[in-house]
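Student: need a 3D model of the sequence below.
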Amino acid sequence: MTDDGTTTAAAATGTLGYEQARDELIEVVRRLEAGGTTLEESLALWERGEELAKVCRRWLEGARARLDAALAAPEASAEGERTD
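Tutor: Residues are numbered from 1 along each chain as shown. Next comes the predicted model:
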């Protein structure tokens, strides 16, 4: 832990799976909404939440790209089978 009470997980953020990042983000939001933290703790939580949101966004964008590719694959193979 750092002096402000957060973990030094910023470096490990890239290794989080979507569900892990989402669950941790939910916890960060819960703690922020509950209040009772110092300004420094709140800022650290906010920053962690931003990092986690980016991780979730990257996972979702990757999933969207895979879906798009999968949906485009049958079209590409169908076009390749045509005899014009």
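Student: please state the backbone phi and psi of L16?
Tutor: With angles defined as degrees, to the nearest 10, L16 sits at phi -70, psi 140.
Student: so what's A72 up against?
Tutor: By Cβ atoms under 8 Å, 6 or more residues apart in numbering, the contact set of A72 is empty. In short, each C-beta sits where N, CA and C put it, glycine included.
Student: distance of the most centrally placed residue in the chain relative to G62?
Tutor: By Cα atoms, centre = their mean, the chain has its centre lying nearest to C56, at 1.5 Å. Distance, C56 to G62, by Cβ to Cβ, to the nearest Å: 11 Å.
Student: run a quick neighbour tally on A53.
Tutor: A count of neighbours around A53, defined by other Cβ atoms under 10 Å, yields 15.
Student: for this structure, give me the ranges with low pLDDT.
Tutor: Across the chain, the ranges flagged by pLDDT under 70 are 1-12, 76-84.
Student: could I get the full set of helices for it?
Tutor: With DSSP state H as the criterion, the chain has helices at 18-34, 39-81.
Student: report the angle between the first one and helix 39-81.
Tutor: Computed by axes from the mean of the first three to the mean of the last three Cα atoms, to 10 degrees, the angle separating helix 18-34 from helix 39-81 equals 150 degrees.
Student: show me the contact partners of helix 18-34.
Tutor: With Cβ under 8 Å, 6+ apart as the test, helix 18-34 has contacts from 13, 16, 37, 42, 45-46, 48-49, 52-53, 55-56, 59-60.
Student: just the buried ones from these?
Tutor: The neighbour count (16 or more other Cβ atoms under 10 Å) marks T13, L16, L45, R48, G49, L52, V55, C56, W59 as buried among the contacts of helix 18-34.
Student: distance of the third one from R30?
Tutor: With distances defined as Cβ to Cβ, the gap from L45 to R30 amounts to 10 Å.
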